[in-house]
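In: turn this into a structure:
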Amino acid sequence: MSNSDQNPAPAAPTEPVLLVDDEQPLLDVFEAALSPYFKVKTVNSAREAEFLLRQQSFKVVVADHLMPGGNGMSFLVRAREEYPHMQRILVTGYMKPEMLLRSVNEAALFRYLLKPVTLGELIKVVQEAARAHDASVAAAR
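Out: Purely as a prediction, here's the structure:
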């Protein structure tokens, strides 16, 4: 069964998702996997992501943990403060359990994904996060 059988894509993706990673090949793969379902923007640093967030709103942000020029965790903590409804997902390849727990709490992560991330898992988690965003916005009204 293909990903599209499990996760039907809308006719024209409109839900905005931001991907942040310094590894362009990984960004390209994640973008290709999510594009049938979401309107995807990609950036290569936390600094670029913060600039883009001032220009456009996103339902979900997926950020790599370790990047040059600022780590994804610090970025997600700041994003939580400024954009509380936006759901935050951290992708990491190496983190001690106690650091991970602290990170989940500080950034109020929707979820964290351990590398290597399967594309099916990525799609499912981002779809769940987009629904959680909508529920958060509805509850705030």
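
In: where does residue 124 land on pLDDT?
Out: Looking at residue 124, its pLDDT reads 98.

In: could you name the helices and strands sitting against the helix or strand encompassing it?
Out: Taking DSSP states H and E as the criterion, residue 124 maps to helix 119-140. Helices and strands in packing contact with helix 119-140 are listed as helix 3-6, helix 24-34, strand 60-64, strand 87-92, strand 111-114; criterion 3 or more C-beta pairs under 8 Å, 6 or more residues apart in numbering; DSSP states H and E. Quick note: C-beta positions are derived from backbone N, CA and C, even for glycine.

In: which stretch among these is buried most, on average?
Out: When the helices and strands packed on helix 119-140 are scored by mean count of other C-beta atoms under 10 Å, the highest mean neighbour count falls to strand 60-64 (a mean of 27).

In: what's next to the helix or strand following that strand, contact-wise?
Out: On the C-terminal side of strand 60-64, the nearest following helix or strand under DSSP H and E is helix 72-82. With C-beta atoms under 8 Å, 6 or more residues apart in numbering as the contact definition, helix 72-82 has outside contacts at 20, 46, 49-50, 53, 61, 63-66, 86, 88, 90-92, 103, 106-109.
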